[in-house]
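Asks: Below is the sequence, then the predicted model.
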Protein chains: 2
Amino acid sequence: MNHAAKSGSLTRLTGIDDVHMAAKRINNLVHRTPVLTCQALNEALGHRVFLKCENFQKVGAFKFRGACNAVFSLDDAEAKNGVIAHSSGNHAQALALAARLRGIPAYIVMPSNAPQVKKDAVAGYGGYITFCEPTLQARESTQDKIIQKTGARVVHPYDNDLVIAGQGTAALELLQEVPDLDIVMTPVGGGGLLAGTALVVASFNPKVKTIGAEPEAADDAARSLAAGHIIPSENPATIADGLLTSLGSRNFEIITDSVDSIVTVSEASIVRAMRFVWERIKIIIEPSAAVPIAALFEKRVGQGPKNIGIIISGGNVDLGSLPWNHES
Amino acid sequence: MNHAAKSGSLTRLTGIDDVHMAAKRINNLVHRTPVLTCQALNEALGHRVFLKCENFQKVGAFKFRGACNAVFSLDDAEAKNGVIAHSSGNHAQALALAARLRGIPAYIVMPSNAPQVKKDAVAGYGGYITFCEPTLQARESTQDKIIQKTGARVVHPYDNDLVIAGQGTAALELLQEVPDLDIVMTPVGGGGLLAGTALVVASFNPKVKTIGAEPEAADDAARSLAAGHIIPSENPATIADGLLTSLGSRNFEIITDSVDSIVTVSEASIVRAMRFVWERIKIIIEPSAAVPIAALFEKRVGQGPKNIGIIISGGNVDLGSLPWNHES
């Protein structure tokens, strides 16, 4: 992959070498998650589907890979004042745990309306939480204040080369285990997972397609790709709470170069796909993780049976508030 | 193991040889389920715990092993009129699927108040369902009528030598994968899983203990063992709906011979254990499967850290009706 050449920029972007370096760096820190298959799911979808279960990853999400790569890439001088991010969810937990393993502080700015289970988890991993109003402006200004006080380094949840490279390691493991895939799918929010995955897939075999899936109600990635420039979501409302953020600029560039298409799905089909996985595969996945499966239920992807790898992004759900209980 | 000698009876009871024969018979029909570990669970319990995940078994429960062994032990003449059982739950699904694989009919008598998800599953596996009043008398008389019409053979859910031997194959696989266990635990309802497990464990290494766990609210096994004869539960009410039945007589004999103890747990701790597993391990287990883990949370088992294998009995839950939603 040579994005710099393709996109006409002189800046060296993240490439497959960075993913291999990330894999080496975090190999002993992350779980090598299992790849699950389910006959009932294959029959329902008309494809052979391989689920790379990052819901079983540490902190319950792929986000630990990127955070870990970023935190362990810092030299001691860079690391000593700790790391910081504003995040409503899985990146917060991931950064807190990665920092704890490195022995440095993690400062986490969380919107006050983040799910309780995620607040508890960040605190459990030893993160220093500061709550703020649930607006991007409040999150950024709160973060800036803490940086001034502490000198902590920002680890952006997705618009960060080391984070993108770290997220790509899940696809690397998937393709090592199941090389004969036709398509690899991931959900897309900020685009860290999709960008990292696309780098790996394109380098592995250019014939394999990378497809991103997002909620219709938060379809900024599809619209941005169609327009050729980033169009942020405005107040998106979707059950897939990990996909509310808009594409980052590094992510947009890699996705433009290496992703074949972005498909969108309805809220109802996200809930249906999530419930199918819970009931038939007996694993807990979060709504965001169900989005690529929902796209297959909605026949949004290709003709005829394919071998499809899906990165199951995470399994962090507030069990006290499940979508099918709201419906009934 | 020589139960006949020990119990003074001349009848040959199920023994370890029967479990090995069962394993050979059903090996290609059942999933070899994974054994999972979880650092957070180990830390919470103060033990090293190995979960043999029969929630990932076909039909979502260990019951498929026993039903499969019983159905595939029949010769063609015995099988041709089909099989029958009355069951409110997992045995019904298990028998329906085993019969379908054998190509014979399965007649299932279900109480009208069985969870919808279990009714749907039995129908999905092609079982012929007859509903009846939710009393043992109605279940048995309905079953008798269908036998008179069809000539179907009864496969009892637990008080059946071939079923007991089939259930034992889960422990066989667990000990092959993790030989250095101090204790193996299972939930106990009718006692098929516990009896089959005890046969295997005692034959593998008499120093390894087998411990059954049941709800305080359905503690017939503990009371029966203490009394030296079967004392059935009367109208037990527990969230662990797989453990409502009382010990069978074959099960009682094997359990008396080979099980070290039966421990009991509160309803609240069953819910707590179940929720812990869902939240931290990201797998769906049913309340009955959480009972042995609840016993470890309640410190009902041994002193000091042990290596403890647990047969996770199943993962069939009505997602529309979860215990923590009733509480809040």
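Replies: Cool, got the structure.

Asks: If you count contacts, what does the biggest helix by length in chain A end up packed against?
Replies: Using DSSP state H, we find that the single longest helix of chain A is helix A:161-177. In this structure, helix A:161-177 packs against helix A:16-26, strand A:48-53, helix A:63-73, strand A:183-187, helix A:192-204, helix A:249-258, strand A:307-312, with contacts taken as 3 or more Cβ pairs under 8 Å, 6 or more residues apart in numbering or on different chains; DSSP states H and E. Backbone N, C-alpha and C define where each C-beta goes, glycine included.

Asks: Per-residue pLDDT of the most centrally placed residue in chain A, please?
Replies: In chain A, the C-alpha nearest the mean C-alpha coordinate belongs to A:L193, at 4.2 Å (Cα atoms, centre = their mean). What the model reports for A:L193 is a pLDDT of 98.

Asks: Against B:S224, how distant is A:A222?
Replies: Distance check for A:A222 against B:S224: by Cβ to Cβ, to the nearest Å, it reads 63 Å.

Asks: higher neighbour count, these two?
Replies: For A:A222 versus B:S224, neighbours defined as other Cβ atoms under 10 Å in any protein chain shown are more numerous around B:S224 (22 against 19).

Asks: Quick check: buried residues in the helix or strand hosting the more buried one?
Replies: Using DSSP states H and E, the element containing B:S224 is helix B:220-227. The neighbour-count check on helix B:220-227 (16 or more other Cβ atoms under 10 Å in any protein chain shown) flags B:220-225 as buried.

Asks: now the angle between helix B:249-258 and that helix, please.
Replies: 60 degrees (axes from the mean of the first three to the mean of the last three Cα atoms, to 10 degrees).

Asks: follow-up on the earlier one: need the buried residues of helix B:220-227 in a markdown table with distance to chain A and pLDDT, can you?
Replies: As requested, the buried residues of helix B:220-227 are exported to a markdown table (distance: Cβ to the nearest Cβ, whole Å; pLDDT from 0 to 100):
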| residue | distance to chain A | pLDDT |
| --- | --- | --- |
| B:D220 | 28 | 97 |
| B:A221 | 26 | 97 |
| B:A222 | 29 | 97 |
| B:R223 | 32 | 97 |
| B:S224 | 32 | 98 |
| B:L225 | 32 | 97 |
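
Asks: Below-threshold pLDDT in the stretch 201-328 of chain A: ranges please.
Replies: Scanning the stretch 201-328 of chain A for pLDDT under 70 picks out A:326-328.

Asks: how near is the residue of the stretch 101-250 of chain A at minimum distance from chain B to A:F56?
Replies: The minimum distance from the stretch 101-250 of chain A to chain B, using Cβ to the nearest Cβ, falls at A:V117 (7.1 Å). Distance of A:V117 to A:F56, computed by Cβ to Cβ: 17 Å.

Asks: Between these two, which has more neighbouring residues?
Replies: More crowded of A:V117 and A:F56, by other Cβ under 10 Å: A:F56, with 23 against 17.

Asks: Next up, the contacts around that one.
Replies: A:31, A:33-34, A:315, B:282 (Cβ atoms under 8 Å, 6 or more residues apart in numbering or on different chains).

Asks: need the contact list for the closest residue to A:T37 other than its chain neighbours.
Replies: Distances taken as Cβ to Cβ, 6 or more residues apart in numbering or on different chains place A:F50 nearest to A:T37, at 5.9 Å, with adjacent residues excluded. By Cβ under 8 Å, 6+ apart, the contact set of A:F50 is A:35-37, A:174, A:178, A:181, A:307-310.

Asks: now swap in A:G196 and tell me
Replies: Taking Cβ under 8 Å, 6+ apart as the test, what A:G196 contacts is A:14, A:19, A:66, A:164-171.

Asks: farthest pair in these?
Replies: Pairwise distances across these peak at 15.1 Å for A:T14 and A:A170 (criterion: Cβ to Cβ).

Asks: Those two: which is more packed in?
Replies: Neighbours per residue (other Cβ under 10 Å) separate A:T14 from A:A170, with A:A170 holding more: 30 against 24.

Asks: Close to chain B: what parts of chain A are there?
Replies: Selection of chain A residues close to chain B by Cβ under 8 Å from any Cβ of the partner chain yields A:34, A:55-56, A:60, A:117, A:275, A:278-279, A:282-285, A:315, A:319-320, A:322, A:324-325, A:328.

Asks: Show me where the stretch 1-150 of chain A has its helices.
Replies: When assigned using DSSP state H, counting those that start in this stretch, the helices of the stretch 1-150 of chain A occupy the ranges A:3-7, A:16-26, A:39-45, A:63-73, A:76-79, A:90-102, A:116-124, A:136-150.
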